[in-house]
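>>> my questions concern the predicted model and sequence given below.
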Amino acid sequence: MNIRVGLGHDTHRLIPGGPLRIGGIEIPFEHHLAGHSDADVLLHAITDALLGACCLGDIGQMFPNTDSANKGRDSAEMLHLAWQQANLAGWQLINLDCVVLAERPKLAPYREAIAKRIAEILRVDSTRIGLKGKTGEQVGSVGEGKVIQAMCTCLLSQT
Ligand code: MG
């Protein structure tokens with residue numbers, strides 16, 4: 001059995017006006033993330049981790065921000081399409097582990113809903129999805145509430 005690890009990271013700026021879209025769900029908040037697509041920072045990090053693990057490039061190559069078709073695009077759809085490519089190459093998910101770095105809002109109340117949504121997009125059991133929220137301790141761009149960042153590692157197997 002072939003096993004591969006993948007790593008993804010993403011950053012998006014916060015701008016006024018809610019709701020906030022993270023992990024494929026909408027969270028009530030007074031700011032949202034800016035970006036060419038729907039700016040779902042967590043789904044972008046997951047997409048890059050999965051693509052990286054099977055050497056299929058990255059989210060920017062697959063969905064260029066110079067393509068108007070990707071403007072305001074649903075990141076769940078991009079993740080689904082990227083994962084389809086990985087599946088076609090025979091890759092299956094062992095697990096994902098993610099960290100969302102946000103000073104606010106607290107992610108804890110939404111953890112279960114986000115993990116469930118990610119599992120739904122990838123068509124896997126939600127027990128394969130790990131998710132943690134961390135703050136920036138009021139320091140740096142995360143801590144000052146200017147950005148939200150996400151990191152993801154994944155383990156894939158190819159039979
Ligand atoms: Mg992004």
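Ah, there it is. The structure displayed is predicted, hence computed values, not measured ones.

>>> burial measure for P109, as a count.
By other Cβ atoms under 10 Å, the residues close to P109 number 10. Where you see a C-beta, it was placed from the backbone N, CA and C, and this is true even at glycine.

>>> report the secondary structure state of it.
helix (DSSP: H, G, I helix; E, B strand; the rest coil).

>>> which residues sit in contact with the residue in the chain that the ion sits nearest to?
Distances between the chain and the ion by Cβ to the ion are smallest at H44, namely 3.6 Å. Contacts here follow Cβ atoms under 8 Å, 6 or more residues apart in numbering; on that basis H44 touches G8, D10, H12, S37, I59, S75, A150.

>>> could you export stretch 8-22 as CSV, CA atoms only?
C-alpha atoms of stretch 8-22 as CSV (Å, rounded to 0.1, in the frame of the first residue of the first chain):
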residue,chain,number,x,y,z
GLY,A,8,-1.9,22.8,3.2
HIS,A,9,-2.0,26.4,4.5
ASP,A,10,-4.0,29.5,3.6
THR,A,11,-4.6,33.0,4.8
HIS,A,12,-7.5,35.4,4.0
ARG,A,13,-8.1,39.0,5.1
LEU,A,14,-11.2,39.9,7.2
ILE,A,15,-13.4,42.7,5.9
PRO,A,16,-16.6,44.2,7.4
GLY,A,17,-19.9,42.4,6.9
GLY,A,18,-21.0,38.9,7.8
PRO,A,19,-21.6,36.0,7.7
LEU,A,20,-18.3,34.3,7.9
ARG,A,21,-17.8,31.2,5.7
ILE,A,22,-15.4,28.6,7.2
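
>>> partner strands of the lengthiest strand in the chain, parallel or antiparallel?
The strand that spans the most residues within the chain, counting by DSSP state E, is strand 2-16. Sheet pairing of strand 2-16 (DSSP bridges) gives strand 31-33 (antiparallel), strand 147-158 (antiparallel).

>>> okay, now K106: neighbour count?
12.

>>> wait, I meant T159
Using other Cβ under 10 Å, T159 has 7 other residues around it.

>>> what do you get for I94?
I94, neighbours per other Cβ under 10 Å, totals 14.

>>> now do the contacts for it.
Residues near I94 by Cβ under 8 Å, 6+ apart: I3, R128, C154, L155, L156, S157.

>>> quick check: the farthest pair among the residues you listed?
Distances among those were taken as Cβ to Cβ; the most separated pair is I3 and R128, at 14.6 Å.

>>> thanks again, I'm all set now.
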